[in-house]
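Enquirer: please work out how this folds:
(2 chains)
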Number of protein chains: 2
Amino acid sequence: MAQKPKVVVTRALPQTAQRLLDAESGLEIVQWPSEQPCERPWLLEHSKDAAGILLMLTDTCDEKLLQAAGGNLKVIASFSVGTDHVERDALKKRNIRLGYTPTCLTDAVADLTVMLILMAQRVGGEAMRKVLAGEWPQMPWSPLLMTGPQIRSATVGFLGFGRIAQATLKRLLPFGISGAIYLTSKPGQPVRDDHFGLIKEAYIPIEPAKDWKQLASESDVVIVGCALTPSTKHFVNSEFFAHMRKLSVLINIARGPIVDTDALVKALEEGQIFGAGLDVVENEPNIAIHHPLLKQPRCVLVPHIGSATIETREQMATESVRNLLAGLKGEAMVNEVEL
Amino acid sequence: MAQKPKVVVTRALPQTAQRLLDAESGLEIVQWPSEQPCERPWLLEHSKDAAGILLMLTDTCDEKLLQAAGGNLKVIASFSVGTDHVERDALKKRNIRLGYTPTCLTDAVADLTVMLILMAQRVGGEAMRKVLAGEWPQMPWSPLLMTGPQIRSATVGFLGFGRIAQATLKRLLPFGISGAIYLTSKPGQPVRDDHFGLIKEAYIPIEPAKDWKQLASESDVVIVGCALTPSTKHFVNSEFFAHMRKLSVLINIARGPIVDTDALVKALEEGQIFGAGLDVVENEPNIAIHHPLLKQPRCVLVPHIGSATIETREQMATESVRNLLAGLKGEAMVNEVEL
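Expert: Numbering: from 1, shown residues only, chains lettered A, B, ... in the order given. Got it, this is the predicted structure:
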């Protein structure tokens, strides 16, 4: 009898995904037992002779791991949208396939984007902190107490206008926004993909900006939703903030380094913009308690929870398992990286 | 030359409203100069012989004030949605008209409702607090870290289904909710007013619940949006929570006493529901730092900021001035209470 193919899984998985994996009786499953990250020596040791590895953002997939695994390895299934933790070339030269889970989190991230816009406009962070600090009893009502700009009639500007940005725009329409502008790598040109038919059926203007200055100066809400590349690093810098409206808010749900944090702190301090809502920030997660951003009352910062819904994480886990099994069987993955 | 009619204004007003008032050259305007509440002795003293008074929620309009004002008084213009601070009978017997500003805050409150739903589902309060406490660097990623239920496919239940509730539903449709149910004072009966044509054009079920048990047990999001009356006080109590879903959230944007706070704390502590998002709470604003609700990590509480947008407060102020002027001139008000 042939030996069962071995698969290594670097984390305890959510229920549905775990059941799907456990149902595969033809595999030898070696699994790190905790929801906390797997230790590197454990991974190197147990990967020996594995046919497949299901791993996380927190596990580096490099030459060393591939050598430890040896010649049986057919597939890496990464439970992640990004694949920066995987050395693609090393996989390619060994003909190892790479699966990932980029598509199922659109809704979860778009939902969080709307939450951050409203929190930034409606002074939500400061409001919560005052209540928690027991200050509510000493806050006499006054006409402009705790007020912020209303989203009705806002022009919403998108840096990057892909699937998540368009899903966000779709959600914002019934709030009564007056228009949307977007800037992509091809300024002034309409985007190719109209993922939800918004542009075709638009009853408000949805138009490409001719340059970043137009986007910065005409938007009441600026949403950073583009990829991080050498040309987008610190794209939102002090010059950008100088062009933004005094009552505008900046939202970043993409990658931290696209926004220059020092410039953001200065823009908030000097009232160049009204507020900010961030799911990501430079050097995350290393944001210590004395970080200057945390002193800004109008900045709402959450710890990269864009895709953190039970349903989405279950689906990402399930798709990772499907990718792993497809890789072993030589079948089509849900999403495969072209190496 | 006849003396100019005197009007008393109990607060400094936002700019647009102040300008509108100041443009009335035919009036003697006596105005409390600050954005903080007017002192009662000042109001009693200066109201003597006034023809009109523009006042706030924080000013009581009772027999004593009306007697202090005397027989010239024609109009009370209240900068507020509620009129609990005004003794209606005392006005009625003197034929004094009462203006208020109930209609212009629908959008602002509906926006805040969506913010509170997302904050409650996405563990937003806890997420912000952990970052502010400097805990992000010590939070290793795991598949279900900081996850909450997703709004996609949710059934949204409304206690009360008036204008604000329907404006909220309108905003929630593109989030992919699967249906809405509502409970009014006439259980099982369709609502009369379809403010935004949602029911007529519905592509998801929008239906009356037959009783509170159906609403509690079938909703993933319960939104309290009804008036406070003797029959709605503590309507959401321990029995109600016992029927709610474990992953559901409770939102209150109406009046604090509709929800039994002790029962809510217990429901959160025991995991009967997933979270809560509150703009109002019993005994507000007297929520001191040791209040048990503030110890609940899954409870997001903001200090009654539903209408707190710059635009809405400007509009409320402007409408108050219009009501005041209309009352003096015997013209139609923007909104008048039928006494």
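Enquirer: quick check: which element contains the closest residue to residue A:211 other than its chain neighbours?
Expert: In space, and not counting its chain neighbours, residue A:211 is closest to residue A:187: 5.4 Å by Cβ to Cβ, 6 or more residues apart in numbering or on different chains. Quick note: C-beta positions are derived from backbone N, CA and C, even for glycine. For residue A:187, there is no host helix or strand (DSSP states H and E).
Enquirer: pretty sure residue A:187 contacts residue A:207?
Expert: No: counting by Cβ atoms under 8 Å, residue A:187 stays clear of residue A:207, with 11.6 Å between them.
Enquirer: dump the residue contacts of the closest residue to chain B within the stretch 151-300 of chain A.
Expert: Sorted by distance to chain B under Cβ to the nearest Cβ, the residues of the stretch 151-300 of chain A start with residue A:289, at 2.9 Å. Contacts for residue A:289 (Cβ atoms under 8 Å, 6 or more residues apart in numbering or on different chains) come out as B:132, B:133, B:134.
Enquirer: in JSON lines, list the residues you listed along with neighbour count and secondary structure.
Expert: Converted to JSON lines, the contacts of residue A:289 look like this (neighbours: other Cβ atoms under 10 Å in any protein chain shown; DSSP: H, G, I helix; E, B strand; the rest coil):
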{"residue": "B:132", "neighbour count": "17", "secondary structure": "helix"}
{"residue": "B:133", "neighbour count": "10", "secondary structure": "coil"}
{"residue": "B:134", "neighbour count": "14", "secondary structure": "coil"}
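Enquirer: for the closest residue in space to residue A:51 that isn't next to it in sequence, give its distance to chain B.
Expert: Once flanking residues are discounted, residue A:51 sits nearest to residue A:5: 3.9 Å by Cβ to Cβ, 6+ apart. In this view, residue A:5 and chain B are 24 Å apart by Cβ to the nearest Cβ, to the nearest Å.
Enquirer: from memory residue A:5 sits against residue A:29, does it?
Expert: No: counting by Cβ under 8 Å, residue A:5 does not reach residue A:29; the two are 10.0 Å apart.
Enquirer: now the contacts of residue A:289 as CSV including pLDDT?
Expert: As requested, the contacts of residue A:289 are exported to CSV (pLDDT from 0 to 100):
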residue, pLDDT
B:132, 97
B:133, 97
B:134, 97
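Enquirer: can I get those residues in a markdown table including distance to residue B:49?
Expert: Formatted as a markdown table, the contacts of residue A:289 follow (distance: Cβ to Cβ, whole Å):
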| residue | distance to residue B:49 |
| --- | --- |
| B:132 | 53 |
| B:133 | 57 |
| B:134 | 60 |
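Enquirer: ok, so of those, who is nearest chain A?
Expert: Nearest to chain A among those, with distances taken as Cβ to the nearest Cβ, is residue B:134, at 2.9 Å.
Enquirer: how much space separates that closest one from residue A:119?
Expert: 20 Å (Cβ to Cβ, to the nearest Å).
Enquirer: and for residue A:312?
Expert: Taken as Cβ to Cβ, the span from residue A:312 to residue A:119 is 20 Å.
Enquirer: cool, and residue A:69?
Expert: 45 Å.
Enquirer: higher neighbour count, the two?
Expert: Neighbours were counted for residue A:69 and for residue A:119 using other Cβ atoms under 10 Å in any protein chain shown; residue A:119 has more, 30 against 25.
Enquirer: got a pLDDT number for the more buried one?
Expert: The predicted structure scores residue A:119 at 98 on the pLDDT scale.
Enquirer: number of nearby residues for residue A:279?
Expert: Residue A:279: 27 surrounding residues under other Cβ under 10 Å.
Enquirer: now do the buried residues in stretch A:269-283.
Expert: Across stretch A:269-283, burial judged by 16 or more other Cβ atoms under 10 Å in any protein chain shown covers A:272, A:273, A:274, A:275, A:276, A:277, A:278, A:279, A:280, A:281, A:282.
Enquirer: so which of these are also by chain B?
Expert: Contacts with chain B are made by none of those, judged by Cβ under 8 Å from any Cβ of the partner chain.
Enquirer: quick check: beta-bridge partners of residue A:251?
Expert: residue A:223, residue A:277 (DSSP bridges).
Enquirer: in this structure residue A:38 contacts residue A:60, no?
Expert: No: using Cβ under 8 Å, residue A:38 is not in contact with residue A:60; the gap is 11.0 Å.
Enquirer: who has more neighbours out of the two?
Expert: residue A:38 (21 against 14).
Enquirer: neighbours of residue A:127, just the number please.
Expert: Neighbours of residue A:127 under the rule other Cβ under 10 Å: 25.
Enquirer: which helix or strand contains it?
Expert: Assigned by DSSP H and E, residue A:127 falls in helix A:124-132.
Enquirer: ok and that helix relative to helix B:124-132, angle-wise?
Expert: Put simply, helix A:124-132 runs at 90 degrees to helix B:124-132, going by axes from the mean of the first three to the mean of the last three Cα atoms, to 10 degrees.
Enquirer: tell me who's in contact with the residue nearest to residue A:103 when sequence neighbours are not counted.
Expert: What sits nearest to residue A:103 in space, not counting adjacent residues and going by Cβ to Cβ, 6+ apart, is residue A:335, at 6.1 Å. Taking Cβ under 8 Å, 6+ apart as the contact definition, residue A:335 lies against A:99, A:100, A:101, A:102, A:103, A:319, A:323.
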